[in-house]
Structures are given as structure tokens and as C-alpha cells.
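Q: Give the three-dimensional model of this entry:
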Amino acid sequence: MESRGEPTEVANYWNVDPTQYEYSMTLVGMLHNDGQNATSASHELGAFAGNELRGSVQAIYVEPLNAHLFFLTVFANASGEQLAFKLYNNATGQVQELAENMYFAANLQEGAIEDPKPFTLKTSGLPEVDVSTYLEVKPNPFHRSTTILFSSTQAQDLHISITDVAGRIVFRQKIAAAAGVNKFRWEAGDLQSGVYFVRMETPEGTAVKKVVKE
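A: Got it, this is the predicted structure:
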């Protein structure tokens with residue numbers, strides 16, 4: 001059994017230079033499959049902004065939990081960048097994309113040992129909405145209110161949620177959408193100026209749009 005926190009003898013598959021970046025955030029995560037922690041000693045988690053590596057870490061065995069977790073530090077020079085994640089398995093040499101995305105926020109702590117952030121393989125997670133699905137926000141930038149325009153393949157319930165750059169939900173509502181293009185007016189009111197992310201969740205997948213409140 002591996003001792004807690006001891007590094008493995010296998011070199012990291014990915015390596016980032018922290019000195020190139022001004023800010024950092026941390027997260028505790030796990031590979032999630034069928035309701036279970038599927039993280040193993042052979043796994044390495046990488047965070048990417050586009051194609052640029054922003055952090056990586058090998059799984060660490062946590063003895064009290066009898067399980068492996070990722071303790072990842074992610075680096076950037078500004079908040080608001082979208083991060084994607086990949087999983088490397090040094091036992092098979094396979095790199096797989098993960099379904100989750102998040103936005104960088106300086107000094108953010110995401111997840112905890114008792115409640116790690118779950119990551120799922122893209123093939124088994126919620127797929128991205130295909131390009132035929134429309135999500136737009138007009139006007140953007142806006143002052144106090146703006147209109148969210150989105151399409152739906154059929155009459156169905158979906159969710160619109162809006163988060164700030166730290167990932168905090170500032171608005172969430174279930175919407176009965178009609179087939180075709182729909183409109184929803186978001187009254188942001190006295191919400192502070194800054195960058196926000198509109199997320200549309202449908203049974204077919206998710207779509208995200210960046211908006212700016214002036």
C-alpha cells in the first residue's frame with residue numbers, strides 16, 4: 001500500500017512552469033464513474049486553457065479514505081479563462097478528455113478531501129451541445145438587463161444558470177422551452193460589474209456563453 005502523500009516513481013506526463021504565471025487556484029478532485037471514486041495510482045490530471053497546460057498532478061493515496069485523489073494547482077495571469085481537463089493513465093499511456101469545464105479565479109479553492117470535485121470521462125459524461133444549438137446574449141456587454149436567445153430541438157424543460165468568474169451561481173431558473181428559438185430576459189439589476197457565464201443545460205448537453213456587465 002502506498003504511503004499517504006508520497007510521490008510515485010513515475011515522472012509526470014505533463015509539466016508546467018509556475019514562474020510564468022501570476023495567479024493560482026487549487027482544487028481537490030477525483031475521477032467519478034458510476035457513483036464511485038475511480039481514481040487510481042496510475043492517473044494524472046491535467047488542466048488546460050485552450051492547448052496550453054496550466055497545471056498537472058498525479059493521484060495521491062489518502063489513507064483515511066482508502067482512496068486516491070488529485071490535489072491540483074492551476075496557474076494563470078488573469079481570472080475568467082475557461083479550463084478544460086484531461087486524464088493520463090501511465091499504465092496504458094492513454095490520454096482522455098474529461099467532460100467538465102470551469103473558469104479560473106485567482107485564489108479559488110474548489111473541492112475538499114471530504115467533498116472532492118468529480119470529473120467524468122467525456123465519453124461517459126454529458127456531451128457538448130452540437131453546433132446546431134444556438135445560444136446568444138444581446139446586448140453584450142450590457143448594463144442592467146439583457147436577453148438570452150437560445151434554441152431547443154423540441155418542447156422540453158431546460159435550465160439557465162449564470163455564474164461569476166469564481167464559479168458562484170448568481171441566477172438559476174428552470175425554463176419550459178418551445179421547439180425552435182426562445183427568448184429569456186435576464187434582469188441583472190444591481191449585480192456588480194464584471195464577467196459572467198451563461199450556461200444552458202438541456203437533456204442533449206450544455207452550452208456556455210461569456211457575458212460582461214458594465
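Q: drop to CA atoms for contacts and neighbour counts, all remaining ones
A: Noted.
Q: Tell me how the chain divides into domains.
A: 18-119, 135-213 (automatic domain parsing).
Q: Dump the ones you listed to CSV, plus mean pLDDT and mean neighbour count.
A: Listed next are these as CSV, based on pLDDT from 0 to 100; neighbours: other Cα atoms under 10 Å:
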stretch, mean pLDDT, mean neighbour count
domain 18-119, 93, 18
domain 135-213, 86, 16
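Q: quick one: which of the ones you listed is nearest Asn12?
A: Among the domains of the chain, the nearest to Asn12 by Cα to Cα is domain 18-119 (7.0 Å).
Q: ok so, going back, in TSV: the domains of the chain, plus distance to Ala11.
A: Converted to TSV, those look like this (distance: least, Cα to Cα, whole Å):
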stretch	distance to Ala11
domain 18-119	9
domain 135-213	32
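Q: Now Ser79: closest residue in space, sequence neighbours ignored.
A: Ala105 (4.7 Å; Cα to Cα, 6 or more residues apart in numbering).
Q: Wait, a strand at the one you found?
A: No: applying DSSP: H, G, I helix; E, B strand; the rest coil, one finds Ala105 to be coil, outside a strand.
Q: Other residues contacting the helix or strand harbouring Leu45?
A: Secondary structure from DSSP states H and E places Leu45 in strand 43-49. The contact list for strand 43-49, computed with Cα atoms under 8 Å, 6 or more residues apart in numbering, reads 12-14, 53-59, 70, 72, 74, 81-90.
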